[in-house]
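> What follows is a predicted structure for the sequence shown.
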Amino acid sequence: MTEHRQLAKWLVALGALHGVIACAGFFAPYDPLEQDRGRPYAPPMKLHFRDTQGRFHMRPFFYPLRERGSVDQYDEDFARAMPLKFFAGGPRYRLLGLVPCRLHLLWPR
């Protein structure tokens with residue numbers, strides 16, 4: 001009986017992964033073809049829950065990046081925090097490759 005349970009767990013995990021792949025546009029905040037050509041070497045932005053004063057925020061946020069002299073050196077701009085929005089509109093995509101949609105799980109603007 002345990003072999004059947006293990007198989008069922010793996011099938012559920014594979015089904016969940018396939019569901020995420022089929023709905024990738026919903027989980028991805030940006031169009032994969034969109035590129036920031038102005039800052040090609042910028043690292044990914046870090047998510048924060050605590051601001052510079054040490055206060056905790058329930059909604060995650062990030063600080064925008066600014067260049068620090070060279071093209072590959074960036075610092076976070078602590079002057080303004082940009083919150084993440086959940087279930088917000090963004091670029092168009094097709095859900096399951098068929099249904100036109102604009103709703104995204106996360107939207108960074």
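Received it, and whenever you're ready, just let me know what you need.

> And the helix or strand of the chain with the lowest mean pLDDT, what does it pack against?
Least confident helix or strand, the chain: strand 65-67 with a mean of 85, by mean pLDDT, DSSP states H and E. Applying 3 or more CB pairs under 8 Å, 6 or more residues apart in numbering; DSSP states H and E, we find strand 65-67 packed against strand 74-76. C-betas here are computed from N, CA, C, even on glycine.

> can you pull the buried residues of the strand it packs on?
residue 74 (16 or more other CB atoms under 10 Å).

> Give me the mean pLDDT for the helix or strand following that strand.
The helix or strand immediately downstream of strand 74-76 is strand 82-83, counting by DSSP states H and E. Averaging pLDDT along strand 82-83 yields 89.

> which is the next helix or strand following strand 82-83?
Taking DSSP H and E, what comes next after strand 82-83 is strand 85-95.

> For that next one, name the packing helices and strands.
helix 24-27, strand 99-107.

> Geometric centre of this protein: which residue is closest?
Closest residue to the average C-alpha location of the chain: residue 29 at 5.2 Å, with CA atoms, centre = their mean.

> what pairs with the least confident helix or strand of the chain, and is each one parallel or antiparallel?
With DSSP bridges as the test, strand 65-67 is paired with strand 74-76 (antiparallel).

> Poorly predicted segments of the chain, please.
Applying pLDDT under 70 to the chain picks out residues 1, 109.

> Can you give me every residue that contacts residue 23?
Neighbour list for residue 23: 95, 96 [criterion: CB atoms under 8 Å, 6 or more residues apart in numbering].

> Distance of it relative to residue 47?
22 Å (CB to CB, to the nearest Å).

> can you give me the angle the longest helix along the chain makes with strand 85-95?
Secondary structure of the chain per DSSP state H: the longest helix is helix 2-22. Orientation of helix 2-22 against strand 85-95 (axes from the mean of the first three to the mean of the last three CA atoms, to 10 degrees) gives an angle of 90 degrees.
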